[in-house]
Structure formats: C-alpha cells, structure tokens
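Participant: No letters, just coordinates:
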C-alpha cells in the first residue's frame, strides 16, 4: 500500500473566497485519505476553512497560526 499523499497550497496574499475555492478545486484531484495543507494569510480563513470542511464532509485534521500565517490540514474523506 502507498502512504497517503500530502499536497501543499501556498495561498498567501489571497483574500476570501479564493483560498476555499482553490482548496475545493485541489481536493477534486486527491484520493480519500490524502491531505491538503493550506498556507493562508487572510484572517477570515479561520472561519471559512472549518465551515468549508463541515459543509463538504472533509476532516479538518489540524489548524495552526504563527506570525500571521494560518495553516490548515484537510483530509479528504471520500
């Protein structure tokens, strides 16, 4: 078996709704169990990304913030 893939999207400088729209597009290319890491600078992503995960059924595995960088790890469910 192969390990789950991890894709990183550098979304720094993009404002709402672009980070979520790009995440949605990227998730289409991933298999169930793969991770998508979003690196964002828009403070509204702390609201938008968890809401997006709840609406799409994907799992928000991690959420961190350091020096104005918001990093989210989304695991595709199906």
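Facilitator: Thanks, I have it. Just so we're clear, the structure is a prediction, and the values are computed from it rather than from any experiment. Numbering: from 1, shown residues only.
Participant: Buried residues in stretch 24-35, which are they?
Facilitator: Under the neighbour-count criterion of 16 or more other CB atoms under 10 Å, stretch 24-35 has 26-27, 30, 34-35 buried. For every residue, glycine as well, the C-beta is placed using N, CA and C.
Participant: chain center to that stretch, what's the gap?
Facilitator: Counting by CA atoms, centre = their mean, to the nearest Å, stretch 24-35 is centred 10 Å from the centre of its parent chain.
Participant: about what we covered before: now, the buried residues of stretch 24-35 that are in helices?
Facilitator: Assigned to helices by DSSP state H, the following of the buried residues of stretch 24-35 qualify: 26-27.
Participant: Kindly reformat the buried residues of stretch 24-35 as TSV containing distance to residue 44.
Facilitator: Listed next are these as TSV, based on distance: CB to CB, whole Å:
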residue	distance to residue 44
26	19
27	19
30	24
34	25
35	22
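Participant: Serialize the buried residues of stretch 24-35 to JSON lines and add fields for pLDDT and distance to residue 54.
Facilitator: Output for the buried residues of stretch 24-35, formatted as JSON lines (pLDDT from 0 to 100; distance: CB to CB, whole Å):
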{"residue": "26", "pLDDT": "97", "distance to residue 54": "18"}
{"residue": "27", "pLDDT": "97", "distance to residue 54": "14"}
{"residue": "30", "pLDDT": "96", "distance to residue 54": "18"}
{"residue": "34", "pLDDT": "97", "distance to residue 54": "19"}
{"residue": "35", "pLDDT": "97", "distance to residue 54": "17"}
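Participant: Good, we can wrap up now.
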